[in-house]
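*Asks:* I'll drop the sequence and a predicted model, then ask my questions.
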Amino acid sequence: MFSRKTAFLIGIVLFIATSFTILTVSSRGAMSENFVERIAISLISPFQTVVSASFTWCTDIWRIYFATVSVGQENSELKRQLALAMAAQTQCREIELENIRLRRFIDFKNDSENPIISAKVIGRDPSPWFKTLMINKGRSDGIIKGLPVFVAEGVVGQIVDVAEKFSRVLLITDRNSAVDALVQRSRARGIVQGNNTNYCLLKYVLRKDEIAQGDIIISSGLDQVFPKGLRIGDVLEIKKENSDLFQMIFIRTFVDFDKLEEVLVSGTSEIFSQNGESYLIEEEEKETSLKTENITSKNVHREGVVKQHRKEEE
Amino acid sequence: MIKFIFYFILSLSLIVIQTSVFPSLSFFSHSFDMLLIIILFLSLMFSSYALILAVFLIGWCMDSLSGAPLGLYTIAYIWIFIMVQVLKKFVHRGNIIFLPFISAFSVMMENGFLFFSFFIRYGREAFSFQELLVALEHSIWAFFLIPTCCVVLYGAHNICDRLDSKGVI
């Protein structure tokens, strides 16, 4: 019916049309994760785990070698810092206990009671245009799409793809990410958006709100993803265009995304107990039993001391 | 058989290295897509359109591991493969100018698809001077590095050929 040349041209036109249609649809986020994608992640992620672990091992050896050069001096300095930190920790513990008592007193549900899973970073996005991470915990560990990911320093991102044993995390520095946030000092609200660098933008903050350089930005909890009060970053620069209703704020994230090795995933106890292995609960039980053992051994020790005193008195 | 194993291991290694090792090294953190080396090499060495399946699989793996819009890598790789097949009819594949230019152009093409997806999602705001500069940097690196890597791969390909003819596996 068609000549070879015409068929070839029709094929090319069809191919171009299909390509751009697929790209347009997927760019708008209309194509969600699917079974085949999960298979690809599950097949390649074990190799990523092995290579990532070997690479970390090599870099650790390199780091340890250089660290030993000034280890004596550093040791005494660290001991001093540890003593200070332990004092501060005791103080924090006291404040935490007081906080728990007060929360119970006013019958307030504590959000930080949510169980937390720790995961290792096994891979990063192959493209410099997107900011995602692969972690070694997946559906079998109770992870589901949308859970918040963070570290001690602050917010990391949220889960966007889940395979059986691996998940993908969208970092807050990715341009597709948005976190509802507050300026800690002035309580001004805005949205933290990534721009594919290690800096983020705090958008939609009203011009009238007072923001100063160095102000700390925290999550507001209103996006129903990140718990309230997680640290995001501090204000680096403020731009107020004359015609704009809002001011543009550049923030420096507290988390160094290039050096992330482990992250924490927070969920609700229902999710982890329904989907995951109950190792979190087991860990809690272990911790409790350890504490009990510790208390028991201390009591035994005390009893021994008391008996010895009595004997001495007699 | 040896050639198949060689290309399979090579693709897998490049995917894993690009996602697990390069991002940790500051020097490579902004390198171009290394999988383009193998895509270009396969396109230059083989003329069978059945190889599109292999190109598709590599693209699909990259799409699954990346936060890019689904299908971006797959489409880019298939386009590059077809483009090289067509150009091979007019220019000799061993031409000293052809390989560097096609390498740089492939990277540009991939980044072009990427910018198209940004444009669809964010409109004109998607483009910044910084990003165009990174894209240009990628192309310059590809202009020099991809041909060099292809020469090394050609040597390895010949060794596999010899082993295959001896019937090692």
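*Replies:* On my side now, so go ahead.

*Asks:* using the three-state scheme, assign the residue in the stretch 201-314 of chain A that chain B sits nearest to.
*Replies:* Across the stretch 201-314 of chain A, the shortest distance to chain B (CB to the nearest CB) belongs to residue A:258, at 7.4 Å. Just so you know, the C-beta spots here come from the backbone N, C-alpha and C atoms, and that holds for glycine as well. What DSSP: H, G, I helix; E, B strand; the rest coil gives for residue A:258 is helix.

*Asks:* what is the neighbour count of it?
*Replies:* Per other CB atoms under 10 Å in any protein chain shown, the neighbour tally for residue A:258 reads 11.

*Asks:* how close does the residue nearest in space to the middle of chain B sit to residue A:217?
*Replies:* For chain B, the residue sitting closest to the mean C-alpha position, by CA atoms, centre = their mean, is residue B:36 at 0.8 Å. Applying CB to CB, to the nearest Å, the value for residue B:36 to residue A:217 is 39 Å.

*Asks:* what's the answer for residue A:153, then?
*Replies:* Separation of residue A:153 from residue A:217 (CB to CB): 13 Å.

*Asks:* between these two, what contacts are shared?
*Replies:* Contact criterion CB atoms under 8 Å, 6 or more residues apart in numbering or on different chains; residues shared by residue A:153 and residue A:217: residue A:231.

*Asks:* higher neighbour count, those two?
*Replies:* Using other CB under 10 Å, the more surrounded residue of residue A:153 and residue A:217 is residue A:217, with 30 against 15.

*Asks:* per-residue confidence at that one?
*Replies:* As predicted, residue A:217 sits at a pLDDT of 91.

*Asks:* is it fair to say it lies in a strand?
*Replies:* Yes: the assignment for residue A:217 (three-state DSSP) places it in a strand.

*Asks:* backbone phi and psi for the nearest residue to it once chain neighbours are set aside, please?
*Replies:* Nearest residue to residue A:217 in three dimensions, chain neighbours excluded: residue A:232, at 4.5 Å (CB to CB, 6 or more residues apart in numbering or on different chains). The phi and psi values for residue A:232, taken as degrees, to the nearest 10, are phi -110, psi -50.

*Asks:* residue A:232 and residue A:249 touch, don't they?
*Replies:* No: checked against CB atoms under 8 Å, the pair residue A:232 and residue A:249 is beyond contact range at 11.5 Å.

*Asks:* returning to what we had before: quickly note the distance from the residue nearest to the centre of chain B to residue A:129.
*Replies:* For residue B:36, the distance to residue A:129 (CB to CB) stands at 15 Å.

*Asks:* do residue A:259 as well
*Replies:* Counting by CB to CB, the gap from residue A:259 to residue A:129 is 21 Å.

*Asks:* for chain A, see how far away residue B:24 is.
*Replies:* Distance check for residue B:24 against chain A: by CB to the nearest CB, to the nearest Å, it reads 7 Å.

*Asks:* pLDDT wise, what is that residue at?
*Replies:* With respect to pLDDT, residue B:24 has a value of 71.

*Asks:* which element is residue B:81 on?
*Replies:* Taking DSSP states H and E as the criterion, residue B:81 maps to helix B:72-88.

*Asks:* residues touching residue B:113, list them.
*Replies:* Neighbouring residues of residue B:113 by CB under 8 Å, 6+ apart: A:23, B:72, B:75, B:76, B:79.

*Asks:* no no, residue B:33
*Replies:* With CB under 8 Å, 6+ apart, residue B:33 has these contacts: A:126, A:127, B:18, B:62, B:73, B:107, B:110, B:138.

*Asks:* would you state the strands of chain A in chain order?
*Replies:* A:116-124, A:132-135, A:148-151, A:154-162, A:167-171, A:178-183, A:189-194, A:199-206, A:216-219, A:231-239, A:246-253, A:262-266 (DSSP state E).
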